[in-house]
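Engineer: My questions concern the predicted model and sequence given below.
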Amino acid sequence: MTRSKFKPWLWTLLLWLAALIVTVINLAPSLKGMGFVELVSTPSPEDSRAVLAHYSLLPRLAIACISGFALGLSGMLFQHVLRNPLASPSTLGVEAGAQLALGVAMLWFPALLGWDRDVTTALGGFAAMGIVSIVAWKFNFQPVVVILAGMVTGLYCTALVTLIVLMNDHYLAGLFIWGGGSLNQNDWRQVTSLLPKIALSTLIAFLLVRQLTLLSLGEAAQGLGVKLQFVRAGAFAVAVALTTFVVSAVGIIGFLGLAAPAIARAIGARRIGDRMILAPLIGAALLVIIDQLVQIYGTRTGIALPTGAVTALVGAPALLILMLRRAVPLQSTTEGRSILVASRHQGVLLAILLLLLVAAFMTLFVGRDVNGAWASQSGAMLEQLLPWRLPRLVAATSAGVMLALAGSMLQRLTGNAMASPEVLGVSAGTAFGLLCVLYMATEPTYLGRLTGGFSGGAAVLVLLFLMGGNAKTGNRFLILGVSLGALLTSLVSIILASGDPRAISLISWMAGSTYGVNATTAVISLAFALVGIGGVMLFVRPLQQFALGEISAHSRGVDIRIARLMILGFSALLTAIGTLVVGPLSFVGLMAPHLAQRLGLIRGAPHLAGSALIGALLMAVADFIGRTGYFPWQLPSGLIATLLGGPVFAVLLLHSRRQIMQH
Amino acid sequence: MAFAPTLVAARGRAAGMRVVCLDYGLAQTLIEIGSPPVGLIDTPSWTDWAIEPPLPPGIANMGSAHEVNMELLQLLKPDIILSTPFLEWVRPQLELIAPVKSFPIHALGSSPYPHILTATRELGNLLGRAAEAEALIDRTETELRAAKEKARHLGKIAVMTFLDARNLRLYGPGGNFQDVLDRLGIENAWKRPTNEWGYSDASMADLIDVGDNWLFYMDPVPPDVIASLSGSPLWQSMPFVAKGRVQRMESVLMFGTLPSMTRFARLLVKAIA
């Protein structure tokens, strides 16, 4: 027993040894011959080596330690307070909120930025967290709702950031760098301002540890009442503060806040007291190792990679391997099943269909003329414009249908409210495949892109199978998806930070632009959407039984393995084709099934049909707004769908809460 | 498609061609040779980035380069669309509206200057303005020669942009600015390798390489940078700062053509005058 008790500490020590070795390898050439006193005292401006060491290398090392520590602790607190292994600064929308604030300030309020960059980003981070907290508060901090709200808030902010970057691509190179998380230091100012804030937060966090231990007793402790809620909120606020301090100082350090606590748990730290110490230490060591490696790479090649993005690039696969090798006892995300009032199906479905037709009609016949004035077109003029409008509309709505169906099926299959092609990483996998094709082939064809995208999505599917073989809950799926999403984001950050102008086309596709759609693509998408609608009806029965829980499905004679295999495969195919049209970030697949549920279309065929129609409606409206709303600029439909769906989603979420209260 | 340009060229000589241009650099040359486009991407930002030559009135805004407004393009009925290799992926769609001519200039892993000269001449032939194109080339040569005289005492220089207070972009071989430095006989003080676009990313500590040579930083400068520089011991300890050899400079289009080069040379000379 003693051996297993010390094992996590041994692993952490090894990690720190690795950090030390890498640091020595990187810094030895620059620091050779310098004494300790020389390093810490203010150098004379003539001694360029001493200046470099004192004002750049050492503060950078210090900031890596502090930031890694703070993010590890922050992630640990989030996960513990919310009792959710998926909670992290990224999944709760804090980082995205901060980034949005910075982007907005850069463009419209430069004075704010000139006054204090830290305050700007902190405002954004706390605002995002505030929104998530309001929703979370109403739902008694129900884990699933919190993460759902966090991810939707994060997505919303990211969507807005992407939008302003697309509108102002020349100006915002700095935002890319910041989004990638750069640890470059010019002096000790950031260290001296960050250190006391982190130290104080850490102190408060540890004072809350005792009460947190009570929290880990779970719902049984609810009886302790108000005081417990108070402690919870306090720890939550400390976690937010820790993240915001780091984020405002050095930008987004991807994935660390999620990975460090997960690694602490994976190497065997079970007691909360151990994890509270180990997770921050692991975070610090990880960030130091990665940052020193980034520096070594930079010296050798002249290419400065953004450390934060590389952290995600390294952290995501590492976490995956850990998860695959060991059966990690994850605290299950308790299913937030709310009581929903079933409505009269036909009426609701008909209403959505009607709205869809109106949106489609508007999209085809209404637009802007050469001078930008609103105009409805007909006759010869319409004949000229239809080849541009029709394929986009058809492809966008088809993609909406496909993603919504895939999301619907996956949510039923995994019994997890947060499952969707985007969250499970199938979209990210598709995007990876496409990225490879874009950068390997000089002139990629549609078939090439389709093949690349599908292979990527299928690869994720295979990984899902490998992991899903013995997984009882959907949590592993979700971790996989979140990891892949982080990996994709970091890869794109690196490409963006490299300044490659191709990157802008990349984000415009990622944002869900239907710019590249032509008649062929539209027909293919439509065909698959129809196949999707037809095919999904075959799965209505097994899906219904999955929704009641797997054991029940088994007992009713559904062969779980085959049914799951077919449903997953079908979902992956629909996702790949849909993603090629509207990019991996639209989250129609997450939102549409939820919207259908909140409208009372709860189960079976009406739910699937409702999801598909809502997916199509979201995309049709998004296509119209994207094309005419900011004429002559064209806004990506996928992004607009996110922006439209987000608030609707939030309103319905809060509304359904009232319904529950009435019961 | 191989014979299309000659066909178009024949038509161009016959009458004024309606050109839609999807690149700032090419548009600079079009305006200089006296046949401005009827449509150009992102016209509102021209005054922030390209600045020279001034944009004639009445040019339609085509939206972003990454997502050209196809409906507007269709309504404008262009005779030809001028583009860059970075928009090749939408060429099939563009060609439904009008013939597309693409000019590879930047990111070829070599100096853009010869490609700019080729593009300038091709544009002249295409639009029936060969003489004007030659005149532009001559004018540029003359201006650069004149600038060379005035920049003689400058010594080595480095040119950079602030992405933020901690992250910088320094220009070198492979970019338009290096071409100008070469023409002016000025040595670049930044010796590190550059990417195919002609710049390298650097931290402030890397500026130690610039030594006591001149450093020019180009607009736009993020709002909080200047304030943080005065309080930065690292910046203050840089030899070029100690000697007062730092100078802010107006924006020049980095991926531009000949007008960008003369603008850069002129601003350089003006900055040290």
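Structural biologist: Nice, thanks for sending it over.
Engineer: got the residue ranges for the strands in chain B?
Structural biologist: Secondary structure of chain B by DSSP state E: the strands cover B:19-21, B:39-40, B:60-61, B:63-64, B:67-68, B:80-83, B:100-102, B:157-162, B:167-171, B:199-203, B:214-218, B:246-249.
Engineer: Identify the neighbouring strands of the last one in the sheet and state each direction.
Structural biologist: Strand B:246-249 sits in its sheet next to strand B:214-218 (parallel), going by DSSP bridges.
Engineer: Return the set of buried residues in the strand it pairs with.
Structural biologist: B:W214, B:L215, B:F216, B:Y217, B:M218 (16 or more other C-beta atoms under 10 Å in any protein chain shown). Just so you know, the C-beta spots here come from the backbone N, C-alpha and C atoms, and that holds for glycine as well.
Engineer: Give the buried residues for the helix or strand harbouring A:T575.
Structural biologist: Assigned by DSSP states H and E, A:T575 belongs to helix A:560-582. Residues of helix A:560-582 classed as buried: A:563-564, A:567-568, A:570-582 (neighbour count, 16+ other C-beta under 10 Å).
Engineer: now it: mean pLDDT?
Structural biologist: If you average the pLDDT over helix A:560-582, you get 81.
Engineer: With stretch B:214-231 instead?
Structural biologist: The pLDDT scores in stretch B:214-231 average 84.
Engineer: Can you give me the neighbour number for A:V146?
Structural biologist: The tally of other residues near A:V146 (other C-beta atoms under 10 Å in any protein chain shown) stands at 29.
Engineer: Quick check: it touching A:V132?
Structural biologist: Yes: using C-beta atoms under 8 Å, A:V146 is in contact with A:V132, at 6.7 Å.
Engineer: Need the overlap of contacts for those two.
Structural biologist: Overlap of the contact sets of A:V146 and A:V132 (by C-beta atoms under 8 Å, 6 or more residues apart in numbering or on different chains) consists of A:L92.
Engineer: still on that earlier bit, how far does the helix holding A:T575 sit from the chain's center?
Structural biologist: Mean-position distance between helix A:560-582 and its chain equals 21 Å (C-alpha atoms, centre = their mean, to the nearest Å).
Engineer: what about the closest residue to B:S203 other than its chain neighbours, is that helix, strand or coil?
Structural biologist: In this structure, B:S203 finds its nearest non-sequential neighbour in A:N184, 4.1 Å apart by C-beta to C-beta, 6 or more residues apart in numbering or on different chains. With DSSP: H, G, I helix; E, B strand; the rest coil as the basis, A:N184 sits in coil.
Engineer: what's near enough to touch the nearest residue to B:I31 once chain neighbours are set aside?
Structural biologist: Distances taken as C-beta to C-beta, 6+ apart place B:P53 nearest to B:I31, at 4.9 Å, with adjacent residues excluded. By C-beta under 8 Å, 6+ apart, B:P53 lies in contact with B:Q28, B:I31, B:E32, B:P259.
Engineer: what about the closest residue to A:H345 other than its chain neighbours, neighbour count?
Structural biologist: Once flanking residues are discounted, A:H345 sits nearest to A:P606: 4.1 Å by C-beta to C-beta, 6+ apart. Neighbourhood size, A:P606 [other C-beta under 10 Å]: 20.
Engineer: same question, the one 5 residues further on
Structural biologist: When counting by other C-beta under 10 Å, one arrives at 31 neighbours for A:S611.
Engineer: I figured it hits A:A596, correct?
Structural biologist: Yes: the criterion here is C-beta under 8 Å, and A:S611 meets it with A:A596 at 4.5 Å.
Engineer: what touches both of those two?
Structural biologist: Taking C-beta under 8 Å, 6+ apart as the contact rule, A:S611 and A:A596 both touch A:S408.
Engineer: dump the residue contacts of the nearest residue to B:G211 once chain neighbours are set aside.
Structural biologist: Spatial nearest neighbour of B:G211, excluding adjacent residues (C-beta to C-beta, 6+ apart): B:P239 at 5.4 Å. For B:P239, the contact set (C-beta under 8 Å, 6+ apart) comprises A:S48, B:V210, B:G211, B:D212.
Engineer: Contacts only, for the first one.
Structural biologist: Read that as A:S48. Neighbouring residues of A:S48 by C-beta under 8 Å, 6+ apart: B:I208, B:P239.
Engineer: Let me know the pLDDT of it.
Structural biologist: Here, the pLDDT recorded for A:S48 equals 73.
Engineer: How about the third one?
Structural biologist: For B:G211, the pLDDT comes out at 88.
Engineer: The stretch 451-600 of chain A: helices as residue ranges?
Structural biologist: All helices of the stretch 451-600 of chain A, identified by DSSP state H, counting those that start in this stretch, fall at A:475-497, A:502-510, A:519-538, A:540-547, A:550-555, A:560-582, A:588-598.
Engineer: try the stretch 201-350 of chain A
Structural biologist: Secondary structure of the stretch 201-350 of chain A (DSSP H, counting those that start in this stretch): helices located at A:209-215, A:226-250, A:256-266, A:272-301, A:307-325, A:345-365.
Engineer: Need the winner for burial among those helices.
Structural biologist: Among the helices of the stretch 201-350 of chain A, helix A:256-266 has the highest mean neighbour count (mean count of other C-beta atoms under 10 Å in any protein chain shown), at a mean of 28.
Engineer: Which other helices and strands does that one contact?
Structural biologist: helix A:58-81, helix A:272-301, helix A:307-325, helix A:475-497 (3 or more C-beta pairs under 8 Å, 6 or more residues apart in numbering or on different chains; DSSP states H and E).
Engineer: Tabulate these (JSON lines), appending distance to chain B and mean pLDDT.
Structural biologist: As requested, the helices and strands packed on helix A:256-266 are exported to JSON lines (distance: least, C-beta to the nearest C-beta, whole Å; pLDDT from 0 to 100):
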{"stretch": "helix A:58-81", "distance to chain B": "9", "mean pLDDT": "92"}
{"stretch": "helix A:272-301", "distance to chain B": "8", "mean pLDDT": "89"}
{"stretch": "helix A:307-325", "distance to chain B": "11", "mean pLDDT": "71"}
{"stretch": "helix A:475-497", "distance to chain B": "8", "mean pLDDT": "67"}
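Engineer: for those, which one sits closest to A:I640?
Structural biologist: Minimum separation from A:I640 across these (C-beta to C-beta) falls at helix A:475-497, 19.8 Å.
Engineer: Where does pLDDT dip in the stretch 1-150 of chain B?
Structural biologist: Scanning the stretch 1-150 of chain B for pLDDT under 70 picks out B:1-15.
Engineer: The helix holding A:T575 near chain B anywhere?
Structural biologist: No: applying C-beta under 8 Å from any C-beta of the partner chain, one finds helix A:560-582 separated from chain B by no less than 13.2 Å.
Engineer: Now that we have the contacts of B:P239, which of them are buried?
Structural biologist: Burial by neighbour count, 16+ other C-beta under 10 Å: within the contacts of B:P239 this picks out A:S48, B:V210, B:G211.
Engineer: List just the nearest of these to A:L77.
Structural biologist: Of the buried ones among the contacts of B:P239, the one sitting nearest to A:L77 (C-beta to C-beta) turns out to be A:S48, at 42.4 Å.
Engineer: Report the separation between the closest one and B:D212.
Structural biologist: According to C-beta to C-beta, to the nearest Å, A:S48 and B:D212 sit 11 Å apart.
Engineer: same deal with A:F624?
Structural biologist: For A:F624 relative to B:D212 (C-beta to C-beta), the value is 60 Å.
Engineer: With A:S201 instead?
Structural biologist: In terms of C-beta to C-beta, A:S201 sits 44 Å off from B:D212.
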